[in-house]
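**Q** Just the structure for this:
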Amino acid sequence: MQSKEIAEIVKNRFPTEIKEIIEFHGQASVVVKKDMIKDIMAYLHNTPEFYFDYLQDLCGVDYIGKKEPRFEVVYHLYSLRHKHMIRIRAEVSEDECSIDSVVDIWAGANWHERECFDMYGIEFKGHPDMRRILMPEDWQGYPLRKDYPLKSDLGEMEWKGYKEVLQISEKNRQHEVKFSASLKRK
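**A** Here you go, the predicted structure:
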């Protein structure tokens, strides 16, 4: 079954939840409201003619200044049995930066959702372990947001772990010089 055909069936099943279907290079993306994301995903997973048993990827997107709502959570689904795929894009506003977790549908969503939370600050309601996965627990902010500061000169806002790494680096630099000097002698 082609992704456009699947998208149309989903639109007929959830007419008030589907905002639009976008087709590009033979692939369909279904843009949905976030409120029924769990129902839509369960339908795609459990319906025998779709059987999207594999969550290939889940990621966040920040459209700051380009469109509202600011964020999207993008799900790439694949059916191993039927060998078809579809992309679901759920819109998430900055004011209410959360969406339902799909971990109970695809266990593999666990780490994807944590990464999306860690990098974009999008919280996944009902997630069994919603905490940072890439950044230290005491990290401030969300590095993949478009408004995240690019400079590392943040003064008191600087992550304390960064200062510790710089101190250790300076301390270890003396060994670097001694090691490279001993290599030159050989």
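**Q** Dig out what the residue positioned nearest the centre of the chain forms beta bridges with.
**A** For the chain, C59 is the residue whose C-alpha lies nearest the centre (Cα atoms, centre = their mean; 2.5 Å). Following DSSP bridges, C59 is listed with bridge partners V74.
**Q** Check S79 too.
**A** H84.
**Q** so it sits right up against D53, yeah?
**A** Yes - shown here, S79 and D53 form a contact pair, counting by Cβ atoms under 8 Å, at 6.2 Å. From N, CA and C alone the C-beta is placed, and that goes for glycine too.
**Q** between those two, which one's more packed in?
**A** S79 (19 against 16; other Cβ atoms under 10 Å).
**Q** what about that one, distance to C59?
**A** When distance is defined by Cβ to Cβ, to the nearest Å, S79 is 20 Å away from C59.
**Q** go on, K33?
**A** With Cβ to Cβ as the criterion, K33 and C59 are 19 Å apart.
**Q** how about the residue nearest to the centre of the chain, what does it touch?
**A** By Cβ atoms under 8 Å, 6 or more residues apart in numbering, the residues touching C59 are V73, V74, H112, E115, C116.
**Q** Then D39?
**A** F14.
**Q** then the helix or strand where it lies to PDB, C-alphas only?
**A** For D39, the element it lies in under DSSP states H and E is helix 37-46. Coordinates of each C-alpha in helix 37-46 appear next as PDB, following Å, rounded to 0.1, in the frame of the first residue of the first chain:
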ATOM      1  CA  ILE A  37      -1.700  11.100  18.800                       C
ATOM      2  CA  LYS A  38      -1.900   8.000  20.900                       C
ATOM      3  CA  ASP A  39      -5.200   6.900  19.300                       C
ATOM      4  CA  ILE A  40      -3.800   7.500  15.800                       C
ATOM      5  CA  MET A  41      -0.600   5.600  16.500                       C
ATOM      6  CA  ALA A  42      -2.500   2.700  18.100                       C
ATOM      7  CA  TYR A  43      -4.700   2.500  15.000                       C
ATOM      8  CA  LEU A  44      -1.700   2.500  12.700                       C
ATOM      9  CA  HIS A  45       0.000  -0.100  14.800                       C
ATOM     10  CA  ASN A  46      -2.900  -2.500  15.400                       C
END
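**Q** list the buried ones in it?
**A** I37, K38, I40, M41, Y43, L44, H45 (16 or more other Cβ atoms under 10 Å).
**Q** and of those residues, the nearest to K83?
**A** The shortest gap between K83 and any of the buried residues of helix 37-46 belongs to L44, at 15.0 Å (Cβ to Cβ).
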